[in-house]
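**Q** Got a predicted structure here, sequence first:
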Amino acid sequence: MPSYDFNTILSFSDFECLVRDLLQKHLKIHLECFTEGRDGGIDLRCSTYGKNSIIIQAKRYKDFKSLMNELKKEVSKVRKLNPQKYIIATSVGLTPGNKEEIQQLFCPYIRKTDDILGKNDLNNFLGKYPDIEKGFPKLWLTSTAVLDRIVNASVVNQSTFEWSQIQEEIETYVVNDSLNKATHILKENGYVIISGIPGIGKTTLARFLVYSTLGNDNEYEFVYMSDLEDGLRLFSNEKKQIFLYDDFLGSNGFVPEGYNYDSRLISFIKAVKRSNNKRFILTTREYILKDAQRYYEKIKNNNFDLVKCTLELGDYTEIIRARILYNHIAKENLPNEYIRELLKFRAYRRIINHPNFNPRIIEAFIHGGVWKHVSYQNFINEFSAFFNKPYSVWESAFDKLNDGEKLALCLLSMLPSVVRLSDWRRAYIYLCEDMKVTYMNEHEWIAALKKMEGCFLKILQHNLVGIHNPSILDFLVDYLNNHLEILESLIKGAIFTEQLHISSSFKDPDIVSNARIQTTLKESFIRLSSSPQSCSHGYTDDKNKYYGTFSMGGFLLELRKHNPVLFSQTPGLYEKYISIEMFEDETLFFSTKIEIAKHIDWQYVNDLYQSDIFDILENESKSVDDYVEYIQVLKKWNVVDLRPESQFVQSLEARIESEMEQLTTVSDVEQFEDSLQSISDEIDITDFSDALWELRSSVLQDEPEYDRDEFGATYAQEKDDAAIIDSMFTSLLAQ
């Protein structure tokens, strides 16, 4: 039997809904819900056999004394209603003596103590009706058994930081049909792509899927992917793993990734699909996905619509919207004068039914602390207005920052999503010195952090910091779009290479190609190229942010990816920094060197020859997969014989046969087949299809089978929505 403490887990409204669902199931009746005040003394009513035949009240109190004080106020109301049967359900643990005392208070309406349900009785019902328990994720995801499983689950890489966000968001998550859809897709396919407009709840849904998976099975290892390389590097055939790749095509706009990205992504997805012990959850904004489908042939051709769970505003029914709003307000504990404004003329319905309803706006206004800058008299008008102009959520708070704080925040928007506080501080001081303005001293800096934390900033473990949520980043990008002189100063005063990656966020072609911005970018690029520095967290550990170690080659590739206009407007700039030493650098991956080579425009190169680079690359260790892009480069250079009888092709085929002997899973074989197909599209090689077919059959017999575990549940649509919503918000004053 479960042993939930309902007071610490459920809100007033949640507890009432739990009681309703349990007793509807137990008594096999339909219960109507009423808001307090319409029918005094009624929470739930069954009128099957006549008016007020059964009345049920749900009472969530911390102890018996508080409960009795409240029940004494209810006696006169119950007498007036004169029900045939009166049932009390409470979160308080009750002794037999407690129940007898309550029965005497409501005699003759409570006929027997069985109609008085305490904490243990409700937990007993939950044990009998596990489907009801599953419908209240706040319960089962905070149970001791589930928490023990989650605490013992393996969390690797940077996933610990994401994990803290997941645990925080569970408190306000509202179960809706999108969970059922995403759960079904994930169960059937092993992966799901969650898409939708900004702020609709994509990341929240993804995080809930992760939490739910770990809650059901702690054998899963959680891997948060900041890029595809994380997944490729940490993928293990032997382990159960769940991967979360948030904004896998870019956070604010589509950014083409490096070396063969679409092929590697599809190969990773295929590996997940074949491995029944893997889950892969991806999120993206819908417009970014469409941009990527136009750019990447393999993403376009792969029918992602079959595995896509698109969140639409229409998916949020009135009751779902109400619960989202309620949960955020209940968590924040707004003062009663603000709650009264929300209740006045049911003003909460203005928010719930707003045509631009957006969970992120609610989160920003409530948890971001914007409401603190609004008088309670203007609370509803200001709240509603923010839905019409989302940036205004941050505009009013941003305007209250001093110039130094504003500059520091704009700078943070140009850095990676998570950076060390010390790196941010260092970049800020350098920027101020470059702009010849006074920077905040240590005391002022700490005060600024405290001021911005929770609203603009999230400060994590290990002295890491990031922008609080994507809507703030959208606002800051828009702000810099309208203040190009600040953007120019940020680029000019850069000390980290990431500060030059402007095309990741600034999609307006007039901004990206602005002559002054491009000139400043070029000057900063030349300055930083002498000794490039990264502030990407994890680079100095094992992340290999720049495709290997931090090198000029990696620096060039990253900058070319994020600022293609810079190199297209300045022919020869890329080639100016190409050297034979890049290809001799043993710390660079082979794939990095191929990526560097294929972008070279040889008319701008002096004292460097294709044949010299080929000689170096030929002596490098490489996999069959590496040959796909390698052969494309060699065909353009025409430095080697690529006919079937050539030494190059014979050597390649020997490598193919050698690697085939190392393949141990069907997913490995399928990925290998894809690579061979890509190679055969470029040059003539021996047909290995029969050998691969035999190999697939062999490894299939040896490969362990895993059953995809079930999780999630179907949640019935709630009835009596209007009464439930009214009761829900009325309960806020009782908390």
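**A** Now that the structure is in, tell me what you want to look at. Residues are numbered from 1 along each chain as shown.
**Q** In this protein, what helix or strand scores lowest on average pLDDT?
**A** Least confident element among the helices and strands of the chain, by mean pLDDT, DSSP states H and E: strand 154-156 (a mean of 55).
**Q** Assign Val640 to helix, strand or coil.
**A** coil (DSSP: H, G, I helix; E, B strand; the rest coil).
**Q** just the helices in the stretch 351-500 of the chain please.
**A** With helices called from DSSP state H, counting those that start in this stretch, the stretch 351-500 of the chain shows them at 359-366, 379-388, 392-399, 403-413, 421-435, 442-452, 470-481, 484-492.
**Q** Report the buried residues of the helix or strand following the last one.
**A** Scanning the chain past helix 484-492 towards its C-terminal end, the next helix or strand to appear is helix 509-512 (assignment: DSSP states H and E). If you call a residue buried by 16 or more other C-beta atoms under 10 Å, then helix 509-512 has these buried ones: 511-512. All C-beta atoms are positioned from the backbone trio N, CA, C, and that covers glycine.
**Q** Which elements pack onto helix 509-512?
**A** Judged by 3 or more C-beta pairs under 8 Å, 6 or more residues apart in numbering; DSSP states H and E, helix 509-512 is in contact with no other helix or strand.
**Q** So for it, mean pLDDT?
**A** Per-region confidence: helix 509-512 scores 70 on mean pLDDT.
**Q** Who are the packing partners of the longest strand belonging to the chain?
**A** Scanning the chain for the longest strand, with DSSP state E as the assignment, gives strand 278-285. Strand 278-285 sits against strand 191-196, helix 202-216, strand 240-245, helix 261-274, with contacts defined as 3+ C-beta pairs under 8 Å, 6+ apart.
**Q** what distance separates the second one from the middle of the whole chain?
**A** By that I understand helix 202-216. Distance, stretch centre to chain centre, for helix 202-216: 9 Å (C-alpha atoms, centre = their mean, to the nearest Å).
**Q** now this structure, which segments are flagged as low pLDDT?
**A** Where the chain drops to pLDDT under 70, the residues are 33-52, 141-164, 167, 258-259, 390, 392-393, 503-509, 537-550, 701-720, 734-735.
**Q** Tell me which residue lies nearest the centroid of it.
**A** The residue lying closest to the centre of the chain (C-alpha atoms, centre = their mean) is Thr203, at 3.0 Å.
**Q** what's near enough to touch it?
**A** 246, 283 (C-beta atoms under 8 Å, 6 or more residues apart in numbering).
**Q** Now stretch 479-494: buried residues?
**A** Result for stretch 479-494 [16+ other C-beta under 10 Å]: buried residues 479-480, 486-494.
**Q** what's the closest of the helices of the stretch 351-500 of the chain to Gln603?
**A** helix 484-492 (28.9 Å; C-beta to C-beta).
**Q** So Ser178, which state does it fall into?
**A** Going by three-state DSSP: Ser178 is helix.
**Q** what about it, how many neighbours?
**A** 23 (other C-beta atoms under 10 Å).
**Q** In contact with the residue nearest to His354 when sequence neighbours are not counted, which residues?
**A** For His354, ignoring the flanking residues on the chain, the nearest one in space by C-beta to C-beta, 6 or more residues apart in numbering is Phe387 at 4.7 Å. By C-beta under 8 Å, 6+ apart, the residues touching Phe387 are 351, 354-358, 361.
**Q** Buried ones among those?
**A** Buried, going by 16+ other C-beta under 10 Å: 351, 354, 357-358, 361, out of the contacts of Phe387.
**Q** Kindly list the longest helix within this protein.
**A** helix 64-81 (DSSP state H).
**Q** Output that helix as PDB, restricted to C-alpha atoms.
**A** Extracted in PDB, the C-alpha atoms of helix 64-81 (Å, rounded to 0.1, in the frame of the first residue of the first chain):
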ATOM      1  CA  PHE A  64      -6.600  16.800  13.500                       C
ATOM      2  CA  LYS A  65      -7.000  20.000  15.500                       C
ATOM      3  CA  SER A  66      -7.000  22.200  12.400                       C
ATOM      4  CA  LEU A  67      -9.400  19.700  10.700                       C
ATOM      5  CA  MET A  68     -11.900  19.800  13.600                       C
ATOM      6  CA  ASN A  69     -11.900  23.600  13.800                       C
ATOM      7  CA  GLU A  70     -12.900  23.700  10.100                       C
ATOM      8  CA  LEU A  71     -15.400  20.900  10.400                       C
ATOM      9  CA  LYS A  72     -17.300  22.700  13.200                       C
ATOM     10  CA  LYS A  73     -17.900  25.500  10.700                       C
ATOM     11  CA  GLU A  74     -19.500  23.100   8.300                       C
ATOM     12  CA  VAL A  75     -22.100  21.600  10.600                       C
ATOM     13  CA  SER A  76     -24.800  24.300  10.000                       C
ATOM     14  CA  LYS A  77     -24.200  24.100   6.200                       C
ATOM     15  CA  VAL A  78     -24.700  20.300   6.200                       C
ATOM     16  CA  ARG A  79     -27.900  20.500   8.200                       C
ATOM     17  CA  LYS A  80     -29.200  23.100   5.700                       C
ATOM     18  CA  LEU A  81     -28.400  20.800   2.700                       C
END
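**Q** what packs against that helix?
**A** Partner elements for helix 64-81 (3+ C-beta pairs under 8 Å, 6+ apart): strand 54-59, strand 85-90, helix 96-105.
**Q** can you list these in TSV and add distance to Ser226?
**A** Supplementary listing: the helices and strands packed on helix 64-81 in TSV, determined by distance: least, C-beta to C-beta, whole Å:
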stretch	distance to Ser226
strand 54-59	45
strand 85-90	47
helix 96-105	54
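**Q** Which one, of these, ends up nearest to Lys636?
**A** strand 54-59 (73.4 Å).
**Q** quick one on the thing from earlier: could the buried residues of stretch 479-494 be laid out in a markdown table, adding distance to Cys535?
**A** Converted to a markdown table, these look like this (distance: C-beta to C-beta, whole Å):
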| residue | distance to Cys535 |
| --- | --- |
| Tyr479 | 22 |
| Leu480 | 19 |
| Ile486 | 20 |
| Leu487 | 19 |
| Glu488 | 20 |
| Ser489 | 18 |
| Leu490 | 14 |
| Ile491 | 15 |
| Lys492 | 17 |
| Gly493 | 14 |
| Ala494 | 10 |
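**Q** unless I'm mixing things up, Ile269 is touching Tyr191, no?
**A** Yes: between Ile269 and Tyr191 there is a contact at 5.8 Å, judged by C-beta atoms under 8 Å.
**Q** What's the local residue count around Phe688?
**A** Phe688, neighbours per other C-beta under 10 Å, totals 17.
**Q** Which residue, other than its chain neighbours, is closest to it?
**A** Leu676 (6.0 Å).
**Q** and that neighbour, what does it touch?
**A** Leu676 makes contacts with 624, 656, 685, 688, 692, as judged by C-beta under 8 Å, 6+ apart.
**Q** now these in a markdown table, with secondary structure?
**A** Listed next are the contacts of Leu676 as a markdown table, based on three-state DSSP:
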| residue | secondary structure |
| --- | --- |
| Val624 | helix |
| Ile656 | helix |
| Ile685 | coil |
| Phe688 | coil |
| Leu692 | helix |
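**Q** about what we covered before: overlap in contacts of Ile269 and Tyr191?
**A** Phe280.
**Q** pretty sure Lys278 is touching Thr213, no?
**A** No: using C-beta under 8 Å, Lys278 is not in contact with Thr213, being 10.9 Å away.
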